[in-house]
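A.B. asks: Fold the stuff below for me.
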Amino acid sequence: MPRYLPRACALALALAAPLLSAESVSREQVLAAIRTFDANASCAPAAAAAATDAVARASNTILKFSLESDAVVVDLGPDSVPWCDVKKGLANLPNSGDRGLLLAAYLSGSVRTQLEAGKQDPNPLAGWTAMLRVYRNLKMREGVRIPEVEGLLAHEADGTLPAFAAEAVRRSTENLQRTYGPPKQVLTASARP
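C.D. replies: From the prediction side, this is the model:
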């Protein structure tokens with residue numbers, strides 16, 4: 001069975017870099033893209049051709065917003081997205097197209113939750129929840145099995161996913177501090193002696 005949708009999504013994510021020079025994505029545009037992504041990311045193969053283009057466009061919009069907007073912060077480190085190494089890319093990994101689709105689903109869930117809450121939150125839980133919803137569908141429909149995602153699925157099944165997400169944030173923060181040093185304190189008028 002052809003996997004048009006995941007391959008198109010991976011291609012869309014790979015081609016998103018040139019879009020970063022285009023005009024900014026608004027909050028309303030990204031929320032519309034998230035609705036489109038959610039409606040089409042898990043389409044049955046019969047509807048794949050129409051859904052592929054919609055998912056690719058929506059994925060590009062979500063990715064652009066998550067990278068450029070100060071309204072959200074999305075952790076793309078190995079603790080938060082263990083199914084893909086964003087530094088090396090997806091091309092050499094098994095099921096690379098499916099992994100790209102799951103990355104878009106993760107971004108979709110993270111961005112939506114932060115916009116709805118009105119505050120930044122690097123916790124990957126909302127992104128994982130959205131990603132796992134798409135993964136379960138891929139697994140049932142196409143027999144896809146990605147070991148790193150299976151681990152997250154096991155945490156969800158035994159109720160430890162929220163705690164595991166909090167631990168991922170802690171590990172990610174520690175890694176950033178080891179690499180870049182502790183955060184610098186910004187003095188504001190009210191913080192000055």
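A.B. asks: so where is the chain shaky, pLDDT-wise?
C.D. replies: Applying pLDDT under 70 to the chain flags the ranges 1-22, 43-50, 185-193.
A.B. asks: give me that answer again for 50
C.D. replies: 1-20, 192 (pLDDT under 50).
A.B. asks: what are the ranges of the helices in the protein?
C.D. replies: Here the chain has its helices, by DSSP state H, at 4-14, 27-40, 48-68, 96-117, 125-142, 147-157, 161-180.
A.B. asks: Tell me which other helices or strands the third one touches.
C.D. replies: This means helix 48-68. When contacts are defined as 3 or more Cβ pairs under 8 Å, 6 or more residues apart in numbering; DSSP states H and E, helix 48-68 sits against helix 4-14, helix 27-40, helix 96-117. In short, each C-beta sits where N, CA and C put it, glycine included.
A.B. asks: Identify each buried residue in that helix, please.
C.D. replies: Residues 48, 51-52, 54-56, 58-67 are the ones in helix 48-68 that count as buried (16 or more other Cβ atoms under 10 Å).
A.B. asks: Please compute how far it lies from its chain's middle.
C.D. replies: Taking Cα atoms, centre = their mean, to the nearest Å, one finds the center of helix 48-68 at 12 Å from the center of the full chain.
A.B. asks: out of the helices and strands packed on helix 48-68, deepest packed?
C.D. replies: helix 96-117 (a mean of 24; mean count of other Cβ atoms under 10 Å).
A.B. asks: for it, packing partners?
C.D. replies: Checking 3+ Cβ pairs under 8 Å, 6+ apart, helix 96-117 ends up next to helix 4-14, helix 27-40, helix 48-68, helix 125-142.
A.B. asks: The closest residue to residue 156 other than its chain neighbours and residue 67, how far apart?
C.D. replies: Nearest non-adjacent residue to residue 156, counting by Cβ to Cβ, 6 or more residues apart in numbering: residue 132, 6.0 Å away. Applying Cβ to Cβ, to the nearest Å, the value for residue 132 to residue 67 is 23 Å.
A.B. asks: How about residue 30?
C.D. replies: 11 Å.
A.B. asks: what does residue 87 give?
C.D. replies: Taking Cβ to Cβ as the measure, residue 87 falls 15 Å from residue 67.
A.B. asks: Neighbours of the nearest residue to residue 82 once chain neighbours are set aside, how many?
C.D. replies: Excluding its sequence neighbours, the residue lying closest to residue 82 (Cβ to Cβ, 6+ apart) is residue 148, at 4.2 Å. Look at residue 148: counted by other Cβ atoms under 10 Å, it has 15 neighbours.
A.B. asks: Perfect, I'm done here.
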